[in-house]
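Trainee: A structural model of the following input is requested.
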Amino acid sequence: MVEVGVPRPRVRILGIGMGPQHVTPEVADALRSCDYVVAAAKGDDDALLVVRRRICEAYGVELVVVPDPERDREPAGDGGYVTAVRDWHAARVAAYRGVLDERAGTAGFLVWGDPSLYDSTIRVVSQLTDDYDVLPGISAPQLLAARHRLVLHPVGQPVHVTTARRLGADIADGQRNLVVMLGATLDLDGLEDWSIWWGANLGDATEELVAGRVGDVRAPLEDARARAKARAGWVMDLYLLRAPGAAA
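Mentor: Next up is the predicted model:
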């Protein structure tokens, strides 16, 4: 909740895809209008912060780095997960408020992919100010579909976008065509006859792609994931899973 009577900082939330090559003309113009960009650092060797820094340098915008608050990575159950994320967001609000209170002008927040999908920058910023706008970026599912030259859903059918943490429950609920994001590991046991289209670090020089029947590509997939992480120092992957017999 934004406090009544407190001067409102101006914020622009900008989707940047996977880096400088995905910055749209609209986002580029918005970046030039910012006085500075705020970014959380997850440690001294945060490789993703390096990419944000490259973008800021390309558009002549100062980067203000804020240490990212710690988050409980092993909460118990769905309720514990929601609570852990909520506490983490509250800590981020406090950290970012300290920066916004000290500086005048317009602040930018650079969001990986698109701000609408598995990112909480909008939730956090809405607690800091009501004077903000959001510009879209190229999302990871868009890149996945383009790289594999596929349509994410069969004709006349839906695609279910979920997280690796929810995958088992979603399949048990009857989902047969799923885009799966935010997986620390690849847990595909019992899905050997499903088809998979997988990608890691999409749009980066360390990009890796694998596609095929899950049972046939498990080993190459694990090797590709490890290779992407070793080359980049980080790995962001996602995949489309489609049940056997599902229409194309």
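
Trainee: Please count neighbours and contacts with C-alpha atoms only from this point.
Mentor: Will do.

Trainee: Report the contact partners of the residue lying closest to D187 once chain neighbours are set aside.
Mentor: Nearest non-adjacent residue to D187, counting by CA to CA, 6 or more residues apart in numbering: A164, 8.0 Å away. A164 is in contact with V180, M181, L182, G183, D187, counting by CA atoms under 8 Å, 6 or more residues apart in numbering.

Trainee: Name the nearest residue to S33, sequence neighbours excluded.
Mentor: Distances taken as CA to CA, 6+ apart put T106 closest to S33, at 7.5 Å, once the chain neighbours are dropped.

Trainee: Give me the neighbour count for the one you found.
Mentor: 18 (other CA atoms under 10 Å).

Trainee: other SSEs contacting the helix or strand harbouring A226?
Mentor: Under the criterion of DSSP states H and E, A226 resides in helix 214-232. Applying 3 or more CA pairs under 8 Å, 6 or more residues apart in numbering; DSSP states H and E, one finds that helix 214-232 contacts strand 195-200, strand 208-213.

Trainee: Out of those, which one sits most buried?
Mentor: strand 195-200 (a mean of 25; mean count of other CA atoms under 10 Å).

Trainee: For it, which strands pair with it and how are they oriented?
Mentor: strand 208-213 (antiparallel), strand 237-242 (antiparallel) (DSSP bridges).

Trainee: Of all the ones you listed, which one comes closest to W198?
Mentor: strand 237-242 (4.1 Å; CA to CA).

Trainee: hey, C-alpha coordinates of the closest one in PDB?
Mentor: In PDB, the C-alpha atoms belonging to strand 237-242 read as follows (Å, rounded to 0.1, in the frame of the first residue of the first chain):
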ATOM      1  CA  ASP A 237      15.500 -23.200 -18.900                       C
ATOM      2  CA  LEU A 238      12.000 -24.100 -19.800                       C
ATOM      3  CA  TYR A 239      10.200 -26.600 -22.000                       C
ATOM      4  CA  LEU A 240       7.000 -27.600 -23.700                       C
ATOM      5  CA  LEU A 241       5.700 -31.100 -22.700                       C
ATOM      6  CA  ARG A 242       3.000 -32.800 -24.800                       C
END
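
Trainee: could you point out which element follows the top helix by length along the chain?
Mentor: Criterion DSSP state H: the longest helix present in the chain is helix 77-102. Remark: after helix 77-102, the chain's next helix or strand is strand 106-111, criterion DSSP H and E.

Trainee: Now the helix or strand that that next one is followed by: buried residues?
Mentor: The helix or strand immediately downstream of strand 106-111 is helix 121-125, counting by DSSP H and E. Going by neighbour count (16 or more other CA atoms under 10 Å), the buried part of helix 121-125 is T121, I122, V124, V125.

Trainee: picking up where we left off before, can you give me the angle the helix holding A226 makes with strand 208-213?
Mentor: 170 degrees (axes from the mean of the first three to the mean of the last three CA atoms, to 10 degrees).
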